[in-house]
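Visitor: Sequence and predicted model, in that order:
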Amino acid sequence: MATAQVVRSEWTKIRSVASTVWTLSTAVVVTIALGMLISALSKNEFDNLSQREKLSFDPTFISFAGTGLGQLAMIVFGVLVVSNEYSTGMIRASLAAVPKRGVFLFSKLAVATALVFVVGMATSFATFFLGQLMLGDLKASIGDDGVLRAVFGGGLYMTLIALFSMGVATMLRSPMLSLGILMPFFFLISNILGNVSATEKVGRFLPDQAGSKIMQVVTPVDDDTPYGPWGGLGIMALWVIAAVVGGYVLLKRRDAQ
C-alpha cells in the first residue's frame, strides 16, 4: 500500500471513531471555559494581591490556566488514536495491509499530529482572546513582547502532549495501562514534583513543566529556572522524540497483538 493510501486510511480511522472526536471537542471546551473562568476570577482578585504578586502578574499565562485540565483530553485522544486498534484486535489486519511498520506508525502519527496542531492552535488563540476579554483593563495585547510567541506556543504545547501520549501508547499498547500511567503522571505526580522544594529541580525538567514555560510572558520574581520559553519547549520535544522512537523500536521488534 502506497504511503498516500496509508495516510488516507489513517484519516478515515480517526474521523470515524466517535471517541476521538469527543476527546478533541472536550479539550477545546475545557481549555477555553476554564481559562475564561480563571481570568475573570483573577481580575476580581487583583486588588487583593501583594505588590510582589502584582509584579509577577501574567495576563497571558493566566488565560491559559485551563490548559492543565484540557491537556488531559489531549492525552486521551493520543492514547485512543494508537491503542484502539490493539484493544479491538484490528492491529493484525492493519499491519498485514501495511507490513512496513515505520510507514504504518508515522502515517498514523502524522495525521493525528496535524489534526491536533490545527485544533490546538485554534484553541490557543481563542483561549487567549477570550481570557483577555475577561481580564478587562488588565489584559495583554497580542502585539506585546512575547505574547504572540506564548499564544503560538500554547498550540505547540497541546500538540506535543498528544504526540507524547501516542508514543507512550505505542510502547504500552493497552489503553487502560497507558491512561493509568499518563493521567496520574500529568495531573498529580508532575505537579507534586514541580512544587515540592526537595524535588522541584527535577520536576522542572518533566515534559509538561518544561513545555508550559513557552506560554509564560512575565517571569515570576523568584523564578530561577535555568532555561527560557523555547528551551523549555525543546526539553519537552526531547521527551516526545524519546517516546516516539521507543514506540517505533518496540513496534518493529514484537509481534502484533
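Guide: Sure, I can see it.

Visitor: Could you use CA atoms for every contact and neighbour count after this?
Guide: OK.

Visitor: can you pull out the helices in the stretch 51-200 of the chain?
Guide: Using DSSP state H, counting those that start in this stretch, the helices of the stretch 51-200 of the chain run over residues 51-55, 59-63, 67-88, 91-97, 101-135, 147-172, 175-184, 190-195, 200-203.

Visitor: So Gly71 sits against Ile161, correct?
Guide: Gly isn't right for residue 71; it's Gln. Yes. Using Cα atoms under 8 Å, Gln71 is in contact with Ile161, at 7.0 Å.

Visitor: wait, which of the helices of the stretch 51-200 of the chain is closest to Thr3?
Guide: Each of the helices of the stretch 51-200 of the chain was scored for nearness to Thr3 using Cα to Cα, and the closest is helix 101-135 (6.8 Å).

Visitor: And Glu200, how far from Val29?
Guide: Applying Cα to Cα, to the nearest Å, the value for Glu200 to Val29 is 31 Å.

Visitor: how about the helix or strand bottoming out on mean pLDDT in the chain as CSV, C-alpha atoms only?
Guide: Lowest on mean pLDDT, DSSP states H and E among the helices and strands of the chain sits helix 91-97, with a mean of 80. In CSV, the C-alpha atoms belonging to helix 91-97 read as follows (Å, rounded to 0.1, in the frame of the first residue of the first chain):
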residue,chain,number,x,y,z
ILE,A,91,-3.9,-4.1,14.6
ARG,A,92,-3.2,-7.5,13.0
ALA,A,93,-5.2,-6.5,9.9
SER,A,94,-3.6,-3.1,9.8
LEU,A,95,-0.1,-4.5,9.9
ALA,A,96,-1.0,-7.2,7.4
ALA,A,97,-2.2,-4.4,5.0
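
Visitor: ok, and for it, which residues are buried?
Guide: Residues of helix 91-97 classed as buried: Ile91, Arg92, Ser94 (neighbour count, 16 or more other Cα atoms under 10 Å).

Visitor: Turn these into TSV, columns for distance to Val116.
Guide: Listed next are the buried residues of helix 91-97 as TSV, based on distance: Cα to Cα, whole Å:
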residue	distance to Val116
Ile91	22
Arg92	26
Ser94	22
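
Visitor: which one among these gets closest to Leu55?
Guide: Nearest to Leu55 among those: Ile91, at 53.5 Å, using Cα to Cα.

Visitor: wait, that closest one sits on Val81?
Guide: No. Using Cα under 8 Å, Ile91 is not in contact with Val81, being 11.9 Å away.

Visitor: Next, work out how far apart Leu95 and Gly89 are.
Guide: From Leu95 over to Gly89 (counting by Cα to Cα), the distance is 11 Å.

Visitor: Please report how far Glu45 lies from Val118.
Guide: Using Cα to Cα, Glu45 is found at 34 Å from Val118.

Visitor: what does Tyr248 give?
Guide: Look at Tyr248 and Val118: by Cα to Cα, they are 24 Å apart.

Visitor: The closest residue to Ala162 other than its chain neighbours: neighbour count?
Guide: Distances taken as Cα to Cα, 6 or more residues apart in numbering put Gly78 closest to Ala162, at 4.8 Å, once the chain neighbours are dropped. By other Cα atoms under 10 Å, 32 other residues sit near Gly78.

Visitor: Check whether Gly78 really touches Thr159, as I assumed.
Guide: No. Using Cα under 8 Å, Gly78 is not in contact with Thr159; the gap is 9.6 Å.

Visitor: residue ranges with poor pLDDT in the stretch 151-257 of the chain?
Guide: Low-confidence segments of the stretch 151-257 of the chain, defined by pLDDT under 70: 255-257.

Visitor: about what we covered before: return the member of the buried residues of helix 91-97 nearest to Ser190.
Guide: Distance to Ser190 across those (Cα to Cα) is lowest for Ile91, with 31.9 Å.

Visitor: Specify which member of the buried residues of helix 91-97 is nearest to Ser212.
Guide: Taking Cα to Cα as the measure, Ser212 lies nearest Ile91 of the buried residues of helix 91-97, at 33.9 Å.

Visitor: quick one: the closest one from Leu251, how far?
Guide: Taking Cα to Cα as the measure, Ile91 falls 11 Å from Leu251.
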